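Asks: what follows is a predicted protein model with its sequence.
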Amino acid sequence: MRRYFATCAAGLEPVLAAELQQLGATHIQPGRGGVQFCGDRLLLYAANLWLRSAIRVLEPILEAEVDSYEALYAAVRQVDWRDYLNVEQTLAVDAHVRDSPLTHSQYAARRVKDAICDQFRERLGRRPSVDPDRPMLGLNLHVRGRQVILSRDSSWVSLHKRGYRPIQTRAPLNEALAAGLLLHLRWQGETPLVDLMCGSGTVCIEGAWLALHRAPGLTRKWFGFQGWLDFDKATWAMLRSEARRRLRPRLPFPIWGSDCHSPSVALAVRNAHMAGVGSLLHFYVRDLRASRPPAHLPPGLILCNPPYGERLDVDPGQIRSLYAALGQTVQRHWPGWRLAVFAAGNTWLSSIGLPVVRTWSLYNGPIRCTLAEFAPAGKNN
Ligand SMILES: C[S@@+](CC[C@H](N)C(=O)[O-])C[C@H]1O[C@@H](n2cnc3c(N)ncnc32)[C@H](O)[C@@H]1O
């Protein structure tokens, strides 16, 4: 049994804690920007493979109080690094420093690397080399004030990089955040899902993976733990084939997206193909005001991430009327459908013009955002 820390966007902690509980983690403690938990090696691999809302999963090795780079160096020297690395292997250190006497994250990372390499050099006359892209031991250094946590990073490349979106679009939604929004809204595929401002299609693709029980890590080629000395290849292969077995062949309910910007829609189509769900999803070039639900479908969830204003170059008056148009369109033409909107701040909430059922405060990178769920539009409107 080991202690781990899974990181996530601030505001997704309850969702991540619920995901960990489902995977069988114990001692689950949500904190800010992540969740602490305990489990065995199988659980660590499963967390990387299955967590939809997490960014990375860390295994703390060292916790110390330091007030200088030299104290950091000395603390790191106390660890016996033969337990984690051999001299033929590669390493890298990723450091994040805040409100600390250690002001430079790159220099802090270098002192950690020096401490490890000096320990090897003194014992063996040789040292491991550095590979920042795909290190066999990737370390995460977290410094807040004097408190230092040095962890093995079992993911290394952020888990939101599922592998289906190689091209960045205008203001795309991070994959882990899109999945987290659906989980906050308790949508798991049991109703239709539509995104009327789908951009590159992230909400629809993450929704499809959720509804298909598709492990979000299944397409990824590599996770940090695969370079570790104690990597258990057989357990990992077993977990992956179990994940393939659980995959549903088709969606229980339709999922589709539309957007007025045709290059974004083309990208959504391409991303859906890359994600292996191209034949299951539908995307249309359409202004949201012209979107209507197919008559034969039961009502479902509309989840939209409209332009923020901060990120896309749009005038605030236009943004307000866009939110108002969204509220009016849903009110008039989508009876019984549940509308949820994710956007920066919360001043736009009143422009939608529908009663708010619930809101969640979340961060999209440094931007404080709100996810709001509105009362379903009346059936007789
Ligand atoms: C913040 S982006 C959505 C990003 C998307 N969630 C993704 O993952 O790529 C907002 C989107 O709203 C679309 N949009 C703006 N006004 C629209 C309208 N009147 N009708 C439909 N789409 C609109 C934009 O083209 C843009 O793609």
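Replies: It's in. Numbers count the residues shown, from 1 in each chain.
Asks: residues making contact with the helix or strand Leu362 falls within?
Replies: If you go by DSSP states H and E, Leu362 is part of strand 356-364. Applying Cβ atoms under 8 Å, 6 or more residues apart in numbering, the contact partners of strand 356-364 are 9-12, 173-174, 177, 180-181, 184, 342, 344, 346, 349, 368-375. (Each C-beta comes from the backbone N, C-alpha and C, glycine too.)
Asks: ditto for stretch 94-106
Replies: 66-69, 72, 108-109, 112, 138-146, 153.
Asks: show the end-to-end separation of it, please.
Replies: One end of stretch 94-106 sits 8 Å from the other (Cα to Cα, to the nearest Å).
Asks: so which bits of it are buried?
Replies: By neighbour count on 16 or more other Cβ atoms under 10 Å, the buried set for stretch 94-106 is Asp94, Ala95, Val97, Ser100, Leu102, Ser105.
Asks: one step back: from the contacts of stretch 94-106, which are also near the ligand?
Replies: Residues of the contacts of stretch 94-106 in contact with the ligand (Cβ under 6 Å from any ligand atom): none.
Asks: out of those residues, name the ones that lie in helices.
Replies: Residues of the contacts of stretch 94-106 located in helices (DSSP state H): Tyr69, Leu72, Ala108, Ala109, Val112.
Asks: returning to what we had before: buried ones in the strand holding Leu362?
Replies: For strand 356-364, the neighbour count (16+ other Cβ under 10 Å) marks Trp360, Leu362, Asn364 as buried.
Asks: so which of those also contact the ligand?
Replies: Checked against the ligand using Cβ under 6 Å from any ligand atom, the buried residues of strand 356-364 yield no neighbours at all.
Asks: reformat those as JSON lines; add pLDDT.
Replies: Listed next are these as JSON lines, based on pLDDT from 0 to 100:
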{"residue": "Trp360", "pLDDT": "98"}
{"residue": "Leu362", "pLDDT": "97"}
{"residue": "Asn364", "pLDDT": "90"}
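Asks: which residues touch Ala6?
Replies: Taking Cβ under 8 Å, 6+ apart as the test, what Ala6 contacts is Leu16, Leu20, Gly34, Val35, Phe37, Ala47, Leu51, Ala54, Ile55, Arg56, Val57, Leu58.
Asks: distance of the closest residue in space to Ser53 that isn't next to it in sequence relative to Leu229?
Replies: Spatial nearest neighbour of Ser53, excluding adjacent residues (Cβ to Cβ, 6 or more residues apart in numbering): Gly180 at 3.8 Å. Separation of Gly180 from Leu229 (Cβ to Cβ, to the nearest Å) stands at 33 Å.
Asks: ok, back up a step: name the residues that touch the one helix or strand the residue nearest to Ser53 maps to?
Replies: According to DSSP H and E, Gly180 maps onto helix 175-184. Residues from elsewhere that reach helix 175-184, judged by Cβ under 8 Å, 6+ apart: 8-9, 12, 14-16, 18-19, 52-55, 158-162, 165, 188, 193, 202-203, 205-207, 209-210, 216, 303, 305, 340, 342, 360, 362, 364, 371.
Asks: give me the buried entries from those residues.
Replies: Judged by 16+ other Cβ under 10 Å, buried ones among the contacts of helix 175-184: 8-9, 12, 14-16, 18-19, 52-55, 159-162, 165, 193, 202-203, 205-207, 209-210, 216, 303, 305, 340, 342, 360, 362, 364, 371.
Asks: so which of these belong to strands?
Replies: Counting by DSSP state E, the buried ones among the contacts of helix 175-184 place Cys8, Ala54, Ile55, Leu193, Leu303, Ala340, Phe342, Trp360, Leu362, Asn364, Leu371 in strands.
Asks: which residue, neighbours along the chain excluded, lies closest to the first one?
Replies: Distances taken as Cβ to Cβ, 6+ apart put Leu16 closest to Cys8, at 4.7 Å, once the chain neighbours are dropped.
Asks: which SS class is whatever residue of the stretch 151-300 of the chain ends up closest to the ligand?
Replies: Per Cβ to the nearest ligand atom, Gly199 is where the stretch 151-300 of the chain lies closest to the ligand, at 2.6 Å. Taking DSSP: H, G, I helix; E, B strand; the rest coil as the rule, one finds Gly199 in the coil state.
Asks: cool, and Gln21?
Replies: helix.
Asks: what number of residues lie near the closest residue to it other than its chain neighbours?
Replies: Among residues not flanking Gln21 along the chain, Ile28 sits closest, at 6.0 Å (Cβ to Cβ, 6+ apart). Using other Cβ atoms under 10 Å, Ile28 has 17 neighbouring residues.
Asks: name the helix or strand for Ile28, please.
Replies: Using DSSP H and E, Ile28 sits in strand 26-30.
Asks: ok, the next helix or strand after that strand: who's next to it in the sheet?
Replies: Heading C-terminal from strand 26-30, the first helix or strand you meet, by DSSP H and E, is strand 34-39. Strand pairing for strand 34-39, using DSSP bridges, gives strand 2-8 (antiparallel), strand 26-30 (antiparallel).
Asks: now the longest one - C-alpha only, PDB.
Replies: What follows is strand 2-8 as a C-alpha-only set of coordinates in PDB (Å, rounded to 0.1, in the frame of the first residue of the first chain):
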ATOM      1  CA  ARG A   2       1.400   3.400  -1.000                       C
ATOM      2  CA  ARG A   3       0.200   7.000  -0.700                       C
ATOM      3  CA  TYR A   4      -0.400   8.900  -3.900                       C
ATOM      4  CA  PHE A   5      -1.600  12.400  -5.000                       C
ATOM      5  CA  ALA A   6      -3.600  12.900  -8.200                       C
ATOM      6  CA  THR A   7      -3.700  16.500  -9.400                       C
ATOM      7  CA  CYS A   8      -6.600  18.100 -11.200                       C
END
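Asks: if you count neighbours, what's buried in that strand?
Replies: Tyr4, Phe5, Ala6, Thr7, Cys8.
Asks: the ligand: which of those is nearest?
Replies: Cys8 (17.6 Å).
Asks: related to what we said a few turns ago, from Ala108, how far out is the residue nearest to Ser53?
Replies: 30 Å.
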